[in-house]
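K.L.:
I would like to see how this sequence folds:
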Amino acid sequence: MQAFVLCAGRGERLRPLTDHLPKPLIPVLGKPLLAIILDQLQDQGFKRIALNTWYLKEKLKAWVKDYALAHPDLKLQLFEEPELLGPCGALRYAASFFNAPTLVINGDILTNFPLKTVYEARARQGVPCLMLVRKVPGLNKVRVEGNRVTGFGEDSPEGWAFTGIQVVTPKWVAALPPERDMVPAYQKLLAQGFTIGALAGAGFYWQDLGTPASYQKAQEDLLSGRALVPFAPPHAS
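P.N.:
Numbers count the residues shown, from 1 in each chain. I've put the predicted structure just below:
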């Protein structure tokens, strides 16, 4: 299995923490968030992993080099973007990597959801793209019917939130239109007749560490025991 971690963004909402550090390298109780994500991926059988980089790329490149040396069995590949391409632009730029179904995860996500389950759900549904969704007040903008995504809109009680975790196939990446961002690109593909699967989850820990408040909350959740996340301190394994 293979995975792609989105790591290129500026992390502007997280300033000043990201003034001198790429967002995926922010420490979670002393351990870089990216290390937690990569440790989880490896533990669940993802042995070929790629990352994109642009903002403070030299720091990310140096860290990835050290991580790769410490994990010689892992095949790591880095795509340096010439400019910030956005989530869909990142996938198009790294299209050569997507020669098989690939799990894509945002580099600012802390979760204990078994990522392999998303990969397996995509295979069962046989769709070119599958999104992991859950209920998150204020973010429920994905429209789902059964196990299919039907569109995107404003936050509503009937909607679901995209977790930043999905599985895409080579066919999906090859079909991506030139939009930078996910929603307009995916809306176009839906209109063209492409299918997006949905895996609706509940009862698992998930936190986007994109703001100082959410970053603090995640660490408080770990310290208090409200969240048990594999390979995350204080009980990393």
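K.L.:
Now do the strands in the protein.
P.N.:
Counting by DSSP state E, one finds strands in the chain at the ranges 2-6, 27-28, 31-32, 48-53, 75-80, 102-106, 109-111, 129-134, 142-145, 148-152, 161-168, 196-200, 206-208.
K.L.:
center of the protein - which residue?
P.N.:
Compute the mean C-alpha point of the chain, and by Cα atoms, centre = their mean the closest residue is residue 105, 1.7 Å away.
K.L.:
what's the spacing between that one and residue 35?
P.N.:
In this structure, residue 105 and residue 35 are separated by 14 Å, where distance is defined by Cβ to Cβ, to the nearest Å. From N, CA and C alone the C-beta is placed, and that goes for glycine too.
K.L.:
Grab the nearest non-local neighbour of residue 136.
P.N.:
Nearest-residue entry for residue 136: residue 161, 3.7 Å, with adjacent residues in sequence omitted and distances by Cβ to Cβ, 6 or more residues apart in numbering.
K.L.:
which residues touch that neighbour?
P.N.:
Residue 161 sits next to 133-136, 139-142 when contact means Cβ atoms under 8 Å, 6 or more residues apart in numbering.
K.L.:
now the residues you listed as TSV including neighbour count?
P.N.:
Shown next, in TSV, are those (neighbours: other Cβ atoms under 10 Å):
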residue	neighbour count
133	23
134	21
135	13
136	17
139	16
140	21
141	18
142	23
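K.L.:
Just flag the most distant two among those residues.
P.N.:
Distance extremes for those: the farthest pair is 134 and 141 at 12.4 Å, using Cβ to Cβ.
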